[in-house]
Each structure stands twice: as structure tokens, then as C-alpha cells.
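>>> Quick one, structure for this:
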Amino acid sequence: MNAGYVLRPAADRAALDRIRDYLAASAARHLDLPVPTDAGAFLNNIHQQVDGARLNDLRLAVFHDINAQDWLRPAYFATARDSVQTLIGNELAMQKRINLSVQMPDDDKSVLPVHADVWSGDSAFEAVLWVPFVDVFASKSMFIASPAKNAEIVTRFKDFNGRSAEDLYREVEASLTFLEIPYGHVLVFNQNLMHGNRVNREAETRWSMNCRFKSVLSPYADKKLGEFFEPITLRAMTRIGMDFALPDDFTE
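I've put the predicted structure just below:
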């Protein structure tokens, strides 16, 4: 995690493929198309089937559909179980619903300006599992700042008061890494570092999902356990402790 991220082959390729196949089938159903025989090619070229005006309706339909499947969260976690547990611990809280991003070529409405999640109510103890369902590279991918540049910007953050996110991007642009991730690999990154994306200038569409994980007993910020997060790997005594309550009339 010295670079701010860890990139690994999916720990459970079957789980990854199952999610990708469902995304493609769900999108096809929404568009009244036959279920594709090549999920990757279908997702990569979805811009040939839908225009920008209808993209968000498609994304929301697929998002709600796949998040309604009770197998999704266990399958998503399985794609990076070892990495997540090594980096965060073995008693985990997982975001309840997994976000879906679809970024078509030249779509300026899907841009996520440079930011750090911790700036807007996320706990500093969270990491993000970011999974692409197509090959991603250059502007089809996401970028992340180096820890050194991030630390420098934090020390003079007040210099950016009244300035735009684009001003900040230009300041850090030279230190950013646009991650090249072939399908079959997953990314865990430190969301305290600046990251985001740009207009996709490649000829293919990006499909990716992202989900936050944290140690269940680490401090929370605005997003709370039970509201935004849900425990997934509690140990016996942690469960007992969380359920314990002293008698109403108990005094020491």
C-alpha cells in the first residue's frame, strides 16, 4: 500500500465472471436486447446501443437490479478477500450497496473531479475495492495521486479556497497515475488520497463497481454502521460484546 493502492488478480475469478455476466444480462434486458454471448464485448461497446441521454436510466436500472441479488455482496468480497483482510483486518464492515459506474466515450457527464473521500464525510479508516469489468487504461480508467503529492497538498489546502476542482487537478496532474487494469484484476486503494477520472477519450465504455470496507471497530465518520455499513466477518466475542447490555437497575 506504499503507493496508495494494491492491484491483484481476482481471488475468485468465478465470482468476478458471475458479476460481469449479470451486469451484461441486466443491461440487455433493460434495452430489450438478447442476452449477450460475450459479456465483455457487450459492455465495452454499450455506447453503440444507448446514447448519453439514456445512459443514467440504464445505469440506475442495472444498479438496482444487481444490488437486489443476495449473492452480490459475498461474490464482490470474494474477488479480493485476502487483500482486503490483509490491509484492513478480519472483522470487517462492508458498504451495503455497491456503486456502479458506466463511462462512455466522450461523456462529460460521468466525470468525477479530483477529490478524496475523507474530505466529504468518509472515515480515514476506509479502503475502496474498485473492480473493472472491462480492460481499463488511460482516460478509460481512474487516476490516483501519489502519497507524497497528496501530503504536500494537504499541508497547503487553504491555498485552494475559492478555487475549482479543475484548478486542483492542474496542480497535481503531473503526479497522478492513470491505472492500467486488465479485466480479471481488482484494485484496493486508499480513499484518503486524491483520485477521480477524466472524460473517457478511448473508443470503449468503462464499467466498474466500487465499495468501501473498514474494520468494524475502527472509528466512523458520517457514514455509520447499520446505515451505510454492515458487518460481514465478526468474531464470536465481538458479536457477544455488541449485543451485551447491563441490567437497567445495575450500579457498580
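>>> Centre of the chain to the helix or strand of the chain with the lowest mean pLDDT, how far?
Using mean pLDDT, DSSP states H and E, helix 236-243 stands out as the lowest-scoring helix or strand of the chain, at a mean of 89. Chain-centre distance of helix 236-243: 29 Å, with C-alpha atoms, centre = their mean, to the nearest Å.
>>> Ok, stretch 166-180 next?
19 Å.
>>> Residues touching it, excluding its own?
Residues outside stretch 166-180 that contact it (C-beta atoms under 8 Å, 6 or more residues apart in numbering): 3, 5, 7, 113-114, 136-139, 141-146, 148-149, 153, 160, 187, 194, 196. C-beta: built from backbone N, CA, C; applies to glycine.
>>> quick one: average confidence on the strand or helix carrying residue 189?
According to DSSP states H and E, residue 189 maps onto strand 185-190. Average pLDDT, strand 185-190: 98.
>>> ok, now stretch 157-167?
Stretch 157-167 comes out with an average pLDDT of 88.
>>> all numbers from here: first residue = 45
All set: I'll call the first residue 45, so the last point we hit is now stretch 201-211.
>>> what's the span of it from first residue to last?
Taking C-alpha to C-alpha, to the nearest Å, stretch 201-211 runs 12 Å from one end to the other.
>>> What is the strand holding residue 233 packed up against?
Packed against strand 229-234 by the contact rule (3 or more C-beta pairs under 8 Å, 6 or more residues apart in numbering; DSSP states H and E) you find strand 49-53, helix 125-132, strand 171-176.
>>> how about the ones you listed in TSV, adding mean neighbour count and distance to residue 65?
Putting the helices and strands packed on strand 229-234 into TSV (neighbours: other C-beta atoms under 10 Å; distance: least, C-beta to C-beta, whole Å) gives the following:
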stretch	mean neighbour count	distance to residue 65
strand 49-53	16	18
helix 125-132	17	20
strand 171-176	24	14
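>>> out of the ones you listed, nearest to residue 97?
The closest approach between residue 97 and any of these, judged by C-beta to C-beta, belongs to strand 171-176 at 24.6 Å.
>>> could you give the angle of the closest one to strand 49-53?
Inter-element angle recorded for strand 171-176 and strand 49-53: 40 degrees (by axes from the mean of the first three to the mean of the last three C-alpha atoms, to 10 degrees).
>>> strand partners of strand 171-176, parallel vs antiparallel please.
Sheet pairing for strand 171-176, assigned by DSSP bridges, gives strand 229-234 (antiparallel), strand 250-259 (antiparallel).
>>> For the first one, what is the distance to the chain centroid?
Think strand 229-234. The chain centre lies 9 Å from the centre of strand 229-234; the measure is C-alpha atoms, centre = their mean.
>>> Pull the residues that contact the helix or strand just after it.
With elements assigned by DSSP H and E, the helix or strand that comes after strand 229-234 is strand 239-240. With contact meaning C-beta under 8 Å, 6+ apart, strand 239-240 is reached by 155-160, 186-189, 213, 233.
>>> got it, and stretch 274-287?
Contacts for stretch 274-287 (C-beta under 8 Å, 6+ apart): 117, 121, 129, 134-140, 260-261, 269.
>>> Among these, which ones are in strands?
Among those, the members falling in strands (DSSP state E) are 136-139.
>>> From those, pick the one nearest residue 168.
Among the ones in strands among the contacts of stretch 274-287, and counting by C-beta to C-beta, the member closest to residue 168 is residue 137, at 14.4 Å.
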